[in-house]
Structures are given as structure tokens and as C-alpha cells.
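Visitor: Could you look at this predicted model? Sequence included:
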Amino acid sequence: MCDYSLESVRSRPAKVGDKLTTRDFGTCTRGFAAAEDAKVAVCVLPGTELAFSSTVKVANFRYIVRQQVETLSHATAIFRQVNKNEARKHHDALEFPDGRIVLLTQLCEGQEATVLQLPAQPASAGEANAQTRIAYVD
């Protein structure tokens, strides 16, 4: 399952080579959509490596109505999950080469990314826990 606010959207897991697009699914969040079907959210495992077609643009919302766009100096990222112990918060994020972590929902819409590599199979219980997506139970 993808981030909590996409739980009502059709989804599928990411595969190596997938062409993804950042999209607003009308659920107060953005996520990755499948190139072949913009209505399908593509759920990415923590540790997945992504390459964007150009440097990443992040929307920084100010005063709800106005947004400023920041262009990062990176076009590659590793998918992470943050705020794992906090219910009803966005968890899907990207870590960039400089260590900066940005929530996926903050990315500007329409950016294209390719799945380069899925995470390696975990060798320990700690690694398995780090790669497990958060399960949502209400």
C-alpha cells in the first residue's frame, strides 16, 4: 500500500524500469503514477533508487494559497519512509545525494522518474524492518 492518503486509489508495486510521473490523486497528496495508467498509484519500497528526467522541483507551500517552487540540484534519489510511528502523517519521502529528505507529496506534479533498482533482499531482521512499508489499521 502507498502512503495513507492513497489507500483508496488503485495501486501496484513498482518494478525496475518503471516510468513514473508525480501526480496529484485528488486525495490531498501526490504520489507516483504509472506511465501506462495515470489513475494507478505505484507504491515504492523503501530503498528503491530512482532517476528523474531532470533536476527535481519541490513545491513549498506558503499561506495555503501561494506556493514557491525550489529546484534541487539533484536528479537521483532513494525512496524512504519517515514519521513511521505517527498515524495520519505523510510517510513517503525521497532522500537526495546531499542527505536532504523531502516528502513525496511536496514534489511538483508532472515530474518523470525511472525506477533504477529495487532494494536488495534484507540480510537481517533490522534490514527487513527498514524495508517494510507501514501497515495502516484504523
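Guide: Done, it's in.
Visitor: what about the strands in this protein?
Guide: Remark: strands assigned in the chain by DSSP state E are 11-13, 19-24, 30-34, 37-43, 49-52, 57-62, 66-71, 76-81, 92-95, 101-103, 112-117.
Visitor: any weak-confidence spans in the protein?
Guide: 1, 3-5, 61-67, 122-123, 127-138 (pLDDT under 70).
Visitor: From residue 80, how far off is residue 103?
Guide: 10 Å (CB to CB, to the nearest Å). In short, each C-beta sits where N, CA and C put it, glycine included.
Visitor: shared neighbours of those two, which are they?
Guide: residue 93 (CB atoms under 8 Å, 6 or more residues apart in numbering).
Visitor: Ok, which of the strands of the chain comes nearest residue 126?
Guide: strand 76-81 (14.8 Å; CB to CB).
Visitor: Direction included, what does the closest one pair against?
Guide: When pairing is defined by DSSP bridges, strand 76-81 lines up against strand 49-52 (antiparallel), strand 92-95 (antiparallel).
Visitor: Would you mind extracting the C-alpha trace of stretch 47-54 into CSV?
Guide: What follows is stretch 47-54 as a C-alpha-only set of coordinates in CSV (Å, rounded to 0.1, in the frame of the first residue of the first chain):
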residue,chain,number,x,y,z
GLY,A,47,15.5,1.7,-0.5
THR,A,48,14.4,1.9,-4.2
GLU,A,49,16.6,4.0,-6.3
LEU,A,50,15.1,6.5,-8.7
ALA,A,51,16.4,8.7,-11.5
PHE,A,52,14.4,11.7,-12.6
SER,A,53,14.4,13.1,-16.2
SER,A,54,15.7,16.4,-14.9
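Visitor: Name the residues of it that come out as buried.
Guide: Under the neighbour-count criterion of 16 or more other CB atoms under 10 Å, stretch 47-54 has 47-50, 52 buried.
Visitor: Could you do stretch 78-92 as well?
Guide: 78-81, 90-92.
Visitor: Likewise for stretch 28-39?
Guide: Across stretch 28-39, burial judged by 16+ other CB under 10 Å covers 29-34.
Visitor: And the residue nearest the centre of this protein?
Guide: Centroid-nearest residue in the chain, with CA atoms, centre = their mean: residue 104, separated by 4.3 Å.
Visitor: Sounds good, over and out.
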